[in-house]
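1. Predicted model and sequence below, questions to follow.
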Amino acid sequence: MTAVRRRRMIALLASLAALAACSSPSPKLYTLAPEPGTAHSGAPKVILLQQISLARYLERSQIVRSSENYQLDVMENDWWGEPLSAMLSRVLVDELSQRLPQSAVISENGAVSAPADATIELNIRRLDEDASGTLVLEAQAAVSFKGQHVPVLRSFRMTAVPQAPGVPFEVAATSIAVGRLANGLVAMVLSGPGGR
């Protein structure tokens, strides 16, 4: 290969690399924010939040806008800043800790462990917008208490209306719905032994 052909080849490869870089912008990363709630006393001393199970369609980096009409509307360049299950766990631990200040709330995935007086299991079945643009969070929860064999079971359907169209408003509505879920989990925890 001559020097001229080599330079042309390098120039062509550089052009292709530049074109590829221009065609795929870096994704915007989003995170949920903990929502404040009412503090309660009388909950079990140590509460363990087990790893959260997600519907498979939510197990992706990209934010799912909607799962309506038999198809997924996935945002190509709008991603969660961390795996959704881990982020939900982190935010819920913060929210439960704020609402139950006399309890130690720990995550199964964290570095800290202790024998639990209450254990929360959570399945997230849906977390996206419906056809009207309302954010829908559907979940199933089980709370088990030390010394009891039958857990408390409950299904949740939380909704929040985004203030305007767009991903940032969907993420804000998701934060609100997760805060409402935390309120429901607190009620479940308070219904057991040691609770009010």
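-> Okay, I see it. Numbers count the residues shown, from 1 in each chain.
2. Please enumerate the helices of this protein.
-> Here the chain has its helices, by DSSP state H, at 3-23, 84-99, 167-190.
3. Out of the ones you listed, which gets the lowest mean score?
-> Lowest mean pLDDT of the helices of the chain: helix 3-23, a mean of 59.
4. Next up, the contacts around Arg60.
-> Taking Cβ atoms under 8 Å, 6 or more residues apart in numbering, we find Arg60 in contact with Val74. Every C-beta, even on glycine, is put in place using the N, C-alpha and C of the backbone.
5. How about the residue nearest the centre of the chain, nearest residue that isn't a chain neighbour?
-> Residue closest to the mean C-alpha point of the chain, counted by Cα atoms, centre = their mean, is Leu88 at 3.3 Å. Once flanking residues are discounted, Leu88 sits nearest to Ile52: 5.2 Å by Cβ to Cβ, 6 or more residues apart in numbering.
6. count of neighbours near that neighbour?
-> Counted with other Cβ atoms under 10 Å, residues neighbouring Ile52 total 21.
7. Ala39 now?
-> Neighbour number of Ala39 under other Cβ under 10 Å is 11.
8. In space, what's closest to it - neighbours in sequence excluded?
-> Distances taken as Cβ to Cβ, 6+ apart place Pro101 nearest to Ala39, at 5.4 Å, with adjacent residues excluded.
9. okay but that neighbour is in contact with Gly42, surely?
-> No: using Cβ atoms under 8 Å, Pro101 makes no contact with Gly42, being 11.3 Å away.
10. Can you tell me who the residue lying closest to Leu96 once chain neighbours are set aside pairs with across the strands?
-> Leaving aside its sequence neighbours, Leu96 sits nearest to Val105 (Cβ to Cβ, 6+ apart; 4.4 Å). In this entry, Val105 is beta-bridged to Ile47, by DSSP bridges.
11. Tell me who's in contact with Val105.
-> Counting by Cβ under 8 Å, 6+ apart, Val105 has contacts 47, 49, 93, 96-97.
12. Tell me the spacing between it and Leu92.
-> Here Val105 is placed at a distance of 8 Å from Leu92 (Cβ to Cβ, to the nearest Å).
13. Overlap of the contact sets of the two?
-> By the contact definition Cβ under 8 Å, 6+ apart, Val105 and Leu92 are jointly contacted by Leu49.
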